[in-house]
Each structure stands twice: as structure tokens, then as C-alpha cells.
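>>> please find the sequence and the predicted model below.
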Amino acid sequence: MSDLQAGGGHGAVPVTGVPARGSAEESRRDWPLWEVFVRAKRGLNHVHVGSLHAPDAAMALRNARDLYTRRQEGVSLWVVPAASITASSPDEKDSFFDPAGDKIYRHPTFYDIPEGVEHL
Amino acid sequence: MAVTGPDNSALVGYVLSLGDDSLVAAQRLAEWIAASPQLEEDVAVGNIALDLLGQARSLLTYAGSLEDPPRTEDDLAYFRDERDFRSVHLVERANGDFGVTMARLLFLSSYHYELYARLQRSADETLAAIAAKAVKEVDYHRDHATMWVLRLGDGTELSHARMQAAVDAEWPYVEELFGNEHLDPALVESGVAVDPAELRGPWREYVAGVLAEATLTLPDVPPAVTGGRRGVHDEQMGYLLAEMQHLARSHPGATW
Amino acid sequence: MYGNDFTAPDEGSREPAEDRLAEFERLLETEGRVEPRDVMPDGYRKTLIRQIAQHAHSEIIGMQPEGNWISRAPSLRRKAILMAKVQDEAGHGLYLYAAAETLGADRGELLDMLHSGRQKYSSIFNYPTLTWADMGAIGWLVDGAAIVNQVPLCRCSYGPYARAMVRVCKEESFHQRQGFEILHTLSHGTEAQKAMAQDAVDRWWWPSLMMFGPTDDASPNSAQSMAWGIKRFSNDELRQRFVDMTVPQAEVLGLTLPDPDLRWNEERGSYDFGEIDFTELFEVIKGNGPCNKQRLAHRVRAHEDGAWVREAADAYAAKQARRTSEVA
């Protein structure tokens, strides 16, 4: 008998002999993918919470409301077509982010302040 | 001001008619959960059905509290017979395709919106409070139904035909929403109830606008002969109640 | 999820060069999180797609056995709770499909795999829900077992999966409680209600234990998943944890668990339980369970009946886009 893994949350499912992917030609594209951002309460930034499929922006916004704010998680929503997001690549990680590492003088803790000086 | 006195039956009947519409509509709509055209829509119809069920619970609880002896929401939902239900035929008939459900939802939510927008100013404080909460919910229902009627009406050739057929099929059941024969005129005069007849105009204006934008034709068909407000229902109502009530009735007096 | 922040599908099948996997190995060693565009072994990617997709399928199919009782819930309060729960399951399926899509899969493709039977879902949902008490037993036992499985997944090495699981677990906690509450009410109700509750527990207990999969010695793929930080505990460890958690709760319910060998083992500090007969589980997985055909047919019918609606929405969106560009 093929192996079963319970790791998949709702209980044991077969893993051996189960393909991960279909062939490209039989894949019927779903509605476009949208990224969802929720403002949890006034005064906070919108934060990425996940994604969903919708045929257009108006429906995406409504689906986001139904899916991501069922438990009063938000007061404002953004939806963005996933294809419109440009992301930095992990390959560029070193050149993008490492050079900031030695500029410690940008942080207030870099500076020595004599004892007793307040409001600084 | 609540209508009190020796006989509350007019008010009870009015509140029951509102509650039964929502209860039966929720029961039908919930049939779409795990059966809708898209997973996102399963979640959306679930939200709408939950809103309607919540309204029904508030309204039935209120109606039951006015009776002597009082009855609970479950007494009223599970232990009344078909002839005692006051819901309209629009909400009780068996489901058709998704277009039919969206046509019904557009018609019902547009009526609900006009109704609750006015009822939140009811002289009856409890009704006013229930309406004030409900009007925000049905505003969203109307928006959701509008979105879909536009997309199905102005989508593909096939969807246009199916949406037009759905609108045509449901249209005869709209008029019953605006009937007021069941309503004691004193309730309207005292500012407790909203006269359904006065909702017809604004309802038609909104719905006609949506249908036009959806490239659909306003049907020109006579209203169906109905009698939901008098407890004269479609034959399918009996099956709906049999399914909904059988477990509770099999264990009278039990707590769940 | 994450816009272009995932690998294009055709990139997915190539095994990255050995030297490019150093960062991946470092992340696993330091309990860091692997994110969508990171270089990862092809096996890791495939294992995750398969696992997350089948997890999502389980959520979606799992709506049916409980959806079966929405129309018959015995009180309006119970009806509302059940509706909200089934709706949550649709939501969980959506979070999970989205997580699988960050690995380059497409949801339409994954649904096709479910509909054609090439990918599976949890066998527990191939059992019928015969009485109202089954809503209690599913919440208490099936969701209880699922939570034991899912909590460690919140620390899964793959970021999007772990984050989806955090959300799922947060929402899931009400599911188990409402199930327990249903059974508690029934077991303290009339004789008929109590019998209904006991019958449901009798039927769901063993299938719930089987949800954790075969014993460790019969689960050869577990080691790799553990090494990759996808799986954190073995099948048997999780099963034991579930049993230890559940037995005292059964006592509060006043219901018995249908296992004569179930007893506290002072030495191990755990409950011993009887041997699980996996023959039935394997039969159910092969497709011979009571509801396999029905569940899949229902799902396929919903999908096919909805095709005209999805296509209409696409057509409308295309028309609107054309109209907008003509105006501009």
C-alpha cells in the first residue's frame, strides 16, 4: 500500500503515486489572482493577508470582504492584481539589503549621550 | 411605543411575515453552500444566508415575545405548520440555476432595502433597532445580487439568455412583496409598520436600472396568484418545512 | 499570493544546481522560513504542492458531510453555527489553494486534479453523516484530530503554508468547541439524544484515529518531510497526543470510547489504545468507502454547473476592460 501522510491537516492522504502537477495544456486558468491587504483599524497600515481569485476588481473587493473580514478583521481593504506586483528577487538579496548593514550611524543607539541628558 | 393591549395579533402577524421571509430565504440560499459556481461564492452566499437567518431570529424572537403565552424563535420556526407561515412565494419555491437565485436575491434584497430603510424609523423601538441593523446587511445583499445580474446579463450569449429567463420566471412573484391586504391599517397609521405598497415605486426604479444596465428586458407578465401572507403556499413549501422541522419535531421538548 | 513573487510553472520542474541550495539548507538549519522565490529542491516544491493541494481539497470536500445537515439543524442557533462553520471550511480551502499557487501551481489545474481523481482528499469525509450527533462528533473528534495535525504546520518551513495555517488554526478553534458543546448537550439530554451521541462517537472514533495515517514504521516518506521541516511530529506521536487529549474530555461528556483496550499507562504517562485495523482505511482510500463517489460527483457537478457563470464573469470583465480603454 502506498504511503499516507497525515501532515496534510485533515488527515491521512496518499502521497506516493499522486502527481503534484497536471500537464500545462490541461490546466484551465482560473479567474485572475488578486492580492488582499487589510487595514485592521484606523491608524494602522494596510497589511497583506492573502489572495483570492476574482473576475474583476469590483468582485475582488467584495470577495475579499467576504473571505478576509468575516471576523471583523478590518476597516478598509485594498485588492491588487497579483500580476501588477513587482517584487525584488532573492538573488538580489545581497546587493539590495546587505549594504545597509554597516550604516549603524543611522540608528539612535549608535550615539553616546552623557548621563542626565533628557528629551534626546 | 409598542402596540400593547389585549390583542397583539396584528403586530405579531406583521413581524412574522417579515421573519418568515428571511427564514425561508436563508433556508433556500444555504442550499448553495458547497454547490455554488466558485469557491469564493460559497463564502459570499454563506454570509448572506447568515445575515438573513440572523434577521429571522431577531424577528421571530420578537414576535414570540408578544404572544401570550410567549413562544421562542424555535417554537415558531419548528413547530408551526405550513398554513401558519406568512412568507411569500418568491423565497419559498425550489431553487433553479444560479441565475434564478441571483434574480430572486436582487428582487428580495431591493425590497428589503427599501423596507428596512423606512422601518428603522418605526414607532416600535424593537422593530426600529432590528431594521437599523438589517438595512446595512441587505444593502450588501443588493450590491452582491446587482454585481451578478450585471455580469450574467451582460456576460456571454448563454448567460444573457439564462439570466433573462430567470428574471422572467421570478417576475410574477414580485408583486406579492407589495401586497398589504394582510396588514392592519392601524399599524401603518401608528407608524409601527411600513406599508409595503409604498415600496413598489423605489423598488422598481432601482431594479429597472440594474436590468437595463445588464442589457436585460423588463418583463411584461402578470403577477402570479399567490397567498403566502395568508398561509397559502406553493407545494414545495411543505417539503422545505418537512426537511427543516423533522428533527426538532421528532424530539419534542428536547434541548439542542 | 505575492504577485510575481513566485516561480513560473516551467521553472518548477528543474532541480537547482547543488551550490544554489546552500541558502535553502541554511534556512532549514536555522529554523528560518523558505519564501516563494527562494531556490528550493524540486522534491521539496512538489511535496509541498501535493500536500497543500490535498489539504485544500480536504477542506472543500469536507464541506459536504456537514453541509448535509444545515437544512435540518434542530434549532436556529445551531443552524447559524453550522453554516458559519461550513463557510469557514470554504475559506480554509481558499487560503490553502492560494498557498499552493505561490509554488507555481494554478488553482484551476489543482481543481482538475481533484475532479479527475488524480489527487485525493482526506478519507474521513467519505463517511456518511447519519444523525445530528455526527455534527458533534465531527467537530469534537475530526476537527480535534485536524487541529493536532495542523498546529505543528503553523511552524512549517514554507512561509506561505505556515501563515495560512496560522489563520486556519485561529478560526478552527471554534469548530472543535461547538462540536463538544453539541455532544455535551445531547449526552445531558433525553435518552434518545444520549443514544444518538454515543452512536456517533462509536462510528467516528476509529476513523478519527486513522486520520493520523499508518504507524510510523509503515510511513517511509515521513523522514524526508521531517528533514525538510514540513512535518514536525510523526504519525504515531500526533495520534498519541490526540488520544491523551480526548480521553478525559470523553469522561466529561459521559460517553464511552469504543475501545476495550483503552487505559492509562502510568509508566508512559499516556493512554494505551487498541490496535487500529487499517484495512478499512485502505479500502476507503481505494474508493470503496460509503461516500467516495457521491462526494466527488457532487463537487464535479457544482463545478460544471457553474462553468457558465464563471465564463460570463470573465466575458463581462473583458467587455468592461475594452469599454474603459475605448473611453481612454
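On my side now, so go ahead.
>>> hey, where'd the strands end up in the chain?
Looking at chain A here, since you left the chain open. A:4-5, A:13-14, A:33-39, A:46-53, A:76-81 (DSSP state E).
>>> could you do chain B instead?
Going by DSSP E, chain B shows no strands.
>>> tell me the average confidence for the lengthiest helix in it?
The helix that spans the most residues within chain B, counting by DSSP state H, is helix B:125-153. For helix B:125-153, mean pLDDT rounds to 98.
>>> what's the answer for stretch C:31-42, then?
92.
>>> and that stretch, anywhere near chain A?
Yes - against chain A, stretch C:31-42 shows contacts by Cβ under 8 Å from any Cβ of the partner chain at C:35, C:37, C:38, C:39. No exception for glycine: its C-beta is placed from N, CA and C like everyone else's.
>>> and residue B:250, how many neighbours?
Residue B:250: 11 surrounding residues under other Cβ atoms under 10 Å in any protein chain shown.
>>> pLDDT score for it?
At residue B:250, pLDDT is 97.
>>> distance of it from residue A:45?
54 Å (Cβ to Cβ, to the nearest Å).
>>> from memory residue B:188 sits against residue B:198, does it?
No - between residue B:188 and residue B:198 there is no contact under Cβ atoms under 8 Å: 9.1 Å.
>>> mind pulling up the pLDDT for the residue of chain A found nearest chain C?
Here the residue of chain A nearest chain C is residue A:85; by Cβ to the nearest Cβ that distance is 2.5 Å. Model confidence at residue A:85, given as pLDDT, is 90.
>>> do the same with residue A:16
At residue A:16, pLDDT is 70.
>>> for the stretch 1-150 of chain B, what lies in contact range of chain A?
So far as Cβ under 8 Å from any Cβ goes, the stretch 1-150 of chain B lies against chain A at B:38, B:40, B:43, B:44, B:47, B:143, B:144, B:147.
>>> now tabulate those in CSV and tack on neighbour count.
Output for the residues of the stretch 1-150 of chain B next to chain A, formatted as CSV (neighbours: other Cβ atoms under 10 Å in any protein chain shown):
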residue, neighbour count
B:38, 23
B:40, 23
B:43, 25
B:44, 26
B:47, 20
B:143, 13
B:144, 23
B:147, 21
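>>> name the nearest of these relative to residue A:100.
For the residues of the stretch 1-150 of chain B next to chain A, the residue nearest residue A:100 by Cβ to Cβ is residue B:40; the value is 39.9 Å.
>>> ok, the closest one to residue C:285 distance?
From residue B:40 to residue C:285 the distance is 30 Å (Cβ to Cβ).
>>> next: residue A:91.
42 Å.
>>> the two: which is more packed in?
residue C:285 (22 against 13).
>>> quick one, what contacts residue 112?
Going with chain A. Residues in contact with residue A:112 (Cβ atoms under 8 Å, 6 or more residues apart in numbering or on different chains): none are found.
>>> the chain in question should be chain B.
Counted by Cβ under 8 Å, 6+ apart, residue B:112 has contacts B:134, B:138, B:141, B:142.
>>> thought the last one was touching residue B:111?
By that I understand residue B:142. No - under the criterion of Cβ under 8 Å, residue B:142 is not in contact with residue B:111, lying 9.4 Å apart.
>>> picking that back up, the longest helix of chain B and chain C in contact?
Yes - applying Cβ under 8 Å from any Cβ, one finds helix B:125-153 touching chain C at B:148, B:150, B:151, B:152.
>>> out of those, who's the most crowded?
Neighbour-wise, the residues of helix B:125-153 next to chain C (other Cβ under 10 Å) top out at residue B:152, 31 neighbours.
>>> helices of the stretch 51-200 of chain C, start to end?
Per DSSP state H, counting those that start in this stretch, the stretch 51-200 of chain C carries helices over the ranges C:63-67, C:76-101, C:107-115, C:133-137, C:143-153, C:159-187, C:191-210.
>>> tell me which of these sits nearest to residue B:78.
helix C:76-101 (8.4 Å).
>>> what's the angle from that closest one to strand A:46-53?
On the basis of axes from the mean of the first three to the mean of the last three Cα atoms, to 10 degrees, helix C:76-101 is oriented at 90 degrees to strand A:46-53.
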